[in-house]
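Engineer: Below: sequence and its predicted model.
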Amino acid sequence: MRQWVPHMVKFLEQHSFCGIFPSFTISTKETEDGDGDLHKDEKDAKWGLCAVVYWGKFEDGELDFPVFKVKINTQHGGLALFNSGQLRHQVRACKGTRNCLVLFSHGSLYFPPPAKKQA
């Protein structure tokens, strides 16, 4: 792998938070937030997985994949794995407070923008 993407290997050795997931965010959704927007995470690596770990005191708040007519019930201590860069998804409203640790691979780590030419 070093010979093909040395910049990625070097970055992951120095900054990887959790194995194959070099990027993460933490989010909180409250009862009053309502449904999230239907979206794809356009900047995530197209072939990469996203791992979402849930915790808190909440009910409902499914992870919805409407194209497939699939809803994943989320619960405290639960884990969802999916391709967030390719699959349109939506987080439904919850009752209570739901926290998420979202682990993902940002596409720029694997395909960095071209270097700017210096004048």
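Structural biologist: Yep, that arrived.
Engineer: Okay, now the sheet partners of the helix or strand where residue 71 lies, with direction.
Structural biologist: Element membership for residue 71 (DSSP states H and E) is strand 70-72. Strands adjacent to strand 70-72 in the sheet, as given by DSSP bridges, are strand 63-65 (antiparallel).
Engineer: Name whatever forms a beta bridge with residue 44.
Structural biologist: residue 106.
Engineer: Go ahead and confirm it touches residue 82.
Structural biologist: No - when contacts are counted by Cβ atoms under 8 Å, residue 44 is not listed as touching residue 82 (10.6 Å). To be clear about C-beta, it is placed using only N, CA and C from the backbone, and glycine gets the same treatment.
Engineer: now the helices for this structure?
Structural biologist: 6-15 (DSSP state H).
Engineer: Please pull out the lowest mean pLDDT helix or strand from it.
Structural biologist: helix 6-15 (a mean of 61; mean pLDDT, DSSP states H and E).
Engineer: For the chain, which residues score under the pLDDT cut-off?
Structural biologist: Along the chain, the model assigns pLDDT under 70 to residues 1-20, 22, 108-115, 119.
Engineer: which residue ranges form the strands in this protein?
Structural biologist: 23-30, 50-60, 63-65, 70-72, 79-82, 90-91, 94-104 (DSSP state E).
Engineer: JSON lines for those strands, including distance to residue 116 and mean neighbour count?
Structural biologist: Listed next are the strands of the chain as JSON lines, based on distance: least, Cβ to Cβ, whole Å; neighbours: other Cβ atoms under 10 Å:
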{"stretch": "strand 23-30", "distance to residue 116": "23", "mean neighbour count": "14"}
{"stretch": "strand 50-60", "distance to residue 116": "30", "mean neighbour count": "16"}
{"stretch": "strand 63-65", "distance to residue 116": "39", "mean neighbour count": "18"}
{"stretch": "strand 70-72", "distance to residue 116": "42", "mean neighbour count": "14"}
{"stretch": "strand 79-82", "distance to residue 116": "35", "mean neighbour count": "14"}
{"stretch": "strand 90-91", "distance to residue 116": "37", "mean neighbour count": "18"}
{"stretch": "strand 94-104", "distance to residue 116": "27", "mean neighbour count": "18"}
